[in-house]
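Novice: show me the folded form of this:
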Amino acid sequence: MARSNVETSPVWVNTRHPSPAQKPPTSQTGVIGWLRANLFSSIFNSILTILSLILIYYFFTGIFEWVFFEAFWRPVWVNRKLLAVGTYPMAQLWQPAILLAVISLLFGLSGGRWGGIMRSVSIGVAALLLVLAILPVGIGAQIYLGVSFALLAGGYVIGLRLPIPHRLLVIAWLLSIPFALIMLKGGIELRTFGLSTFFARPVQASNYGGLLLTMLLAVVGITFSFPLGLGLALGRRSSLPVVKYFCIAYIEMIRGVPLISILFMAMIVLPLFLPLGMPSPTNVTRAMVGITLFSAAYLAENVRGGLQSVPKGQYEAADALGLSTWNKYRMIILPQALRAVIPAIVGQFIALFKDTSLVALVGLVDLLGIARSIIQQPDWVNTPGGITREVYVSIAVIYFIFSYGMSWSSRQLEARLGVGKR
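Specialist: Numbers count the residues shown, from 1 in each chain. As a prediction, the model looks like this:
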């Protein structure tokens, strides 16, 4: 084979002093690169982006113009006390304020001392109090909310720094239940002690309304439906036929009917189950019972799903350690099961908070009922264009603030517990 007469010149590479790395083009980095990759990556995506921007522009400009130039917000501002607490007596509003301050302090102390779930819940409550304190709901209400926020933050710091006994916090939470009932009913009659001027007459159940009633129904429903639903979920997996089939019958029966039917039944049937001579419960109490029983059935199914997600080996390991049934579920099974269904449980609580608006159909004046009464007030009947949109938008914002607060707390808790991560 003949050699080629063409000699190739060697290529010298300077390995000691390599050329500096070149920066990526500006069209691929920064804001321009993100826009090209996410919004203008193709002709079709570019057209969709432009159309979306046009729709967003007209939507937000229309909302801005209506909110600040066309809407008539005076009825909402004038009736802000009705929206907040209904017809609760003005002279006794300091008592729910004290209750809020005490509960805020307990949340702060518990969040700082216990951490975990209580810390996430405390952060969510603090954020909610801060948002409500900023909103223009009135100087007095803003002061109460600001003080409650300060007590929660101060209690959190104290709980972090001081070794408060766990038993003391548990006792404080248990004592807060009768304290809440006393304060919400207007205090105790202390005429025999000469102190009746300090405590007013008990507040009638018909005076509860607005956001106060909505929060009261939601808090009671969430607080009592959780242990009841937990017991139903465990009972459904019991080996005792009586317990198992009773729980199954209860869950399926409650889940097979709408909430409004449960509320009507609570209003009519509940007094029939009470002992003779016992005073008939108020409509507010009946609504609490109906909401609690309804929510517990759905919560039981959420917890049962979490129990089924726990591997069988965890049960066998607990039995191998010689743990009792109570310690097995308390220390090993339930922490894993509840961790897996936190999104479902919080979603159930958010739905419960919004479903409290159905009590307006059984004679209670909650936030939605107050909104309807404001629309029907004679002072605003002849308002050009009406005030329906303004009132309903206002209560929609209130529902959104509280629902988003619970959702945000749920996400923080999931991040702390590593839900969805291996």
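Novice: got the phi/psi numbers for residue 237?
Specialist: With angles defined as degrees, to the nearest 10, residue 237 sits at phi -100, psi 10.
Novice: gap between it and residue 60?
Specialist: According to Cβ to Cβ, to the nearest Å, residue 237 stands 51 Å off from residue 60. Heads up, the C-betas are built off the backbone N, CA and C, glycines and all.
Novice: so between those two, which is more surrounded?
Specialist: Taking neighbours as other Cβ atoms under 10 Å, residue 237 and residue 60 compare with residue 237 leading, 13 against 10.
Novice: for the nearest residue to the more buried one once chain neighbours are set aside, give me its contacts.
Specialist: Excluding its sequence neighbours, the residue lying closest to residue 237 (Cβ to Cβ, 6 or more residues apart in numbering) is residue 307, at 6.4 Å. Applying Cβ atoms under 8 Å, 6 or more residues apart in numbering to residue 307 gives the contacts 233-234, 237, 333, 337.
Novice: now, among the residues you listed, which is nearest to residue 287?
Specialist: For those, the minimum distance to residue 287 (Cβ to Cβ) is 24.3 Å, reached by residue 233.
Novice: you'd agree that closest one is up against residue 298?
Specialist: No - counting by Cβ atoms under 8 Å, residue 233 stays clear of residue 298, with 10.8 Å between them.
Novice: ok so, going back, show the buried residues in the contacts of residue 307.
Specialist: Using 16 or more other Cβ atoms under 10 Å as the burial test, the contacts of residue 307 include 233-234, 333, 337 as buried.
Novice: show me those that map onto helices.
Specialist: 233-234, 337 (DSSP state H).
Novice: what's the most distant pair in the buried ones among the contacts of residue 307?
Specialist: Going by Cβ to Cβ, the pair spanning the buried ones among the contacts of residue 307 furthest: 233 and 333, at 11.1 Å.
Novice: show me what contacts residue 145?
Specialist: Residue 145 makes contact with 100, 129, 132-133, according to Cβ under 8 Å, 6+ apart.
Novice: please repeat the previous calculation with a cut-off of 7 Å.
Specialist: Going by Cβ atoms under 7 Å, 6 or more residues apart in numbering, residue 145 touches 129, 132-133.
Novice: what subset of these is buried?
Specialist: Buried, going by 16+ other Cβ under 10 Å: 129, 132-133, out of the contacts of residue 145.
Novice: and those residues as JSON lines, adding secondary structure, pLDDT and distance to residue 387?
Specialist: Formatted as JSON lines, those follow (DSSP: H, G, I helix; E, B strand; the rest coil; pLDDT from 0 to 100; distance: Cβ to Cβ, whole Å):
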{"residue": "129", "secondary structure": "helix", "pLDDT": "82", "distance to residue 387": "29"}
{"residue": "132", "secondary structure": "helix", "pLDDT": "76", "distance to residue 387": "23"}
{"residue": "133", "secondary structure": "helix", "pLDDT": "78", "distance to residue 387": "26"}
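Novice: quick one: which of these is nearest residue 384?
Specialist: Once Cβ to Cβ is applied, the member of the buried ones among the contacts of residue 145 that ends up nearest residue 384 is residue 132, at 31.5 Å.
Novice: find the residue closest to the closest one in space, skipping its chain neighbours.
Specialist: Leaving aside its sequence neighbours, residue 132 sits nearest to residue 145 (Cβ to Cβ, 6+ apart; 5.1 Å).
Novice: helix, strand or coil for the one you found?
Specialist: In three-state terms, and counting by DSSP: H, G, I helix; E, B strand; the rest coil, residue 145 is helix.
Novice: name the next helix or strand following the one helix or strand in the chain whose mean pLDDT sits lowest along the chain.
Specialist: Across the helices and strands of the chain, the lowest-confidence element by mean pLDDT, DSSP states H and E is helix 30-38, at a mean of 75. Following helix 30-38 in sequence order, the next helix or strand is helix 43-65 (DSSP states H and E).
Novice: okay, the angle between that next one and helix 30-38?
Specialist: Here helix 43-65 runs at an angle of 120 degrees relative to helix 30-38 (axes from the mean of the first three to the mean of the last three Cα atoms, to 10 degrees).
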